[in-house]
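**Q** no sequence on this one, just coordinates:
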């Protein structure tokens, strides 16, 4: 599929919500014709293989894995490829992009440029095979989420925290609860909490364990999941506090990781993309915000620490290690590099790495009954790779087909 005109598409993201809400209702389009996808090798998203599955799709959902072709059915032949559910990245930053000068964009960027940058990040991510992302976060991601969900804007399904909660030990319980409720009122899909400062500025504790418990309990009380940015012993503190997903975990001990596993938290270390992307693009970041040469060198120097923590996590029995890249400007569309890092740097089995971005990731973000597997009744989020990633991991870089919600967005070399 030809890449859409992002400048035109991004106009939708700048239209005030009230205008959209007041627009005259549009009659629904006619029901799409049923689709039959032929495969000879497919992965079901939860560790199983399907031989010669015939995947039926209609109205955006999978209807059968043994479908028959009937009159009017559109045929898609993906034999010769590896077919699997669309991937899920539980930690990205779609709002982060490079501006017209090639630098990390700031709040001074013109609104249309910002909308175009976010739209481009979403498109590139979808083309990389990721049909759902959890973006954490920026308020500018809400219009993107809504446009994709409600108006057919091309991109992955988006969940967003709209921003994050950070502070210090001086904040009282009522203030913390109010911060969570504010995010809920703004329309957040989850609550992101900074339990530690950035790795670039010391990775020091910000909230204490009691405060983390207040925040995560309040998130649960208002029906939202919690994600915690944590280093060192803040990993086990967040787990004991009942927080649901714990990101990074650099400098954590084996005991910290085991405490998180025992608490049932989802763990999300990163080893294959984010640090490497920062280093490759450091001249486009340095001098803005907390991006400095020293901070970049800290991340690079401590990359073996990330790998150590990841190795412990994926080899701890019962650990729920989900796919998470922290993709930012320069990394969108290359999210699959994290698979390579997980396998080569952490020793995770290729199938386990793939499942971490399918059924396990869907479970982590509360959508396990809707996405992440090839099964009747679930969303028709389906991708295909040129090659078998279980034998040749580089196949994750060769996404030739992308369908999200029954709509085909990419089909390289389609047989006609």
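**A** It's in. Since this is a predicted model, take the numbers as computed values, not measurements.

**Q** Quick check: the gap between the residue of the chain positioned farthest from its centre and residue 34.
**A** Within the chain, residue 71 marks the point farthest from the mean C-alpha position, 37.8 Å out by CA atoms, centre = their mean. Applying CB to CB, to the nearest Å, one obtains 10 Å for the distance of residue 71 from residue 34. Backbone N, C-alpha and C define where each C-beta goes, glycine included.

**Q** Also residue 165?
**A** Distance, residue 165 to residue 34, by CB to CB: 45 Å.

**Q** and what of residue 298?
**A** Distance of residue 298 to residue 34, given as CB to CB: 54 Å.

**Q** What ranges does the chain have for its helices?
**A** Per DSSP state H, the chain carries helices over the ranges 6-14, 17-22, 111-127, 141-151, 173-186, 209-221, 234-240, 254-262, 274-280, 293-301, 303-314, 337-346, 350-356, 359-364.

**Q** Ranking these by mean neighbour count, which comes first?
**A** By mean neighbour count, with neighbours taken as mean count of other CB atoms under 10 Å, helix 234-240 ranks first of the helices of the chain at a mean of 27.

**Q** So which residues make contact with it?
**A** Here helix 234-240 makes contact (CB atoms under 8 Å, 6 or more residues apart in numbering) with 193, 195-196, 205, 208-209, 212-213, 216, 228, 230, 246, 249, 252, 255-257, 259-260, 262-263, 265.

**Q** Tell me which of the helices of the chain sits nearest to residue 94.
**A** Ranking these by distance to residue 94, with CB to CB as the measure, places helix 111-127 first at 4.5 Å.

**Q** If you compare the directions of that closest one and helix 141-151, what angle comes out?
**A** Between helix 111-127 and helix 141-151, the angle comes out at 60 degrees (axes from the mean of the first three to the mean of the last three CA atoms, to 10 degrees).

**Q** From the contact counts, what lies against helix 111-127?
**A** helix 6-14, helix 141-151, strand 399-404, strand 407-411 (3 or more CB pairs under 8 Å, 6 or more residues apart in numbering; DSSP states H and E).

**Q** Listing request: residues of the chain with sub-threshold pLDDT.
**A** 1-31, 414-416 (pLDDT under 70).

**Q** In space, what's closest to residue 230 - neighbours in sequence excluded?
**A** Leaving aside its sequence neighbours, residue 230 sits nearest to residue 195 (CB to CB, 6 or more residues apart in numbering; 4.4 Å).

**Q** tell me the contacts of that neighbour?
**A** So residue 195 contacts 205, 206, 207, 212, 228, 229, 230, 234, 237, 238 (CB under 8 Å, 6+ apart).

**Q** So for stretch 76-93, first residue to last residue, what's the gap.
**A** With CA to CA, to the nearest Å as the measure, the ends of stretch 76-93 fall 33 Å from one another.

**Q** Now do the buried residues in it.
**A** If you call a residue buried by 16 or more other CB atoms under 10 Å, then stretch 76-93 has these buried ones: 76, 78, 81-93.

**Q** Sitting in strands, which of these do you find?
**A** The strands, defined by DSSP state E, take in 76, 82, 83, 84, 85, 87, 88, 89, 90, 91, 92 from these.

**Q** The first one contacts residue 38, correct?
**A** The one in question is residue 76. Yes: applying CB atoms under 8 Å, one finds residue 76 in contact with residue 38, separated by 7.1 Å.

**Q** center of the chain - which residue?
**A** residue 89 (2.4 Å).

**Q** Look up how far residue 250 lies from that one.
**A** From residue 89 to residue 250 the distance is 19 Å (CB to CB).

**Q** For burial, what's the neighbour tally of residue 208?
**A** Applying other CB atoms under 10 Å, we find 16 residues neighbouring residue 208.

**Q** With distance to residue 182 added, can I get the contacts of residue 195 in JSON lines?
**A** Below are the contacts of residue 195 laid out as JSON lines (distance: CB to CB, whole Å):
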{"residue": "205", "distance to residue 182": "23"}
{"residue": "206", "distance to residue 182": "18"}
{"residue": "207", "distance to residue 182": "17"}
{"residue": "212", "distance to residue 182": "18"}
{"residue": "228", "distance to residue 182": "18"}
{"residue": "229", "distance to residue 182": "19"}
{"residue": "230", "distance to residue 182": "22"}
{"residue": "234", "distance to residue 182": "23"}
{"residue": "237", "distance to residue 182": "24"}
{"residue": "238", "distance to residue 182": "21"}
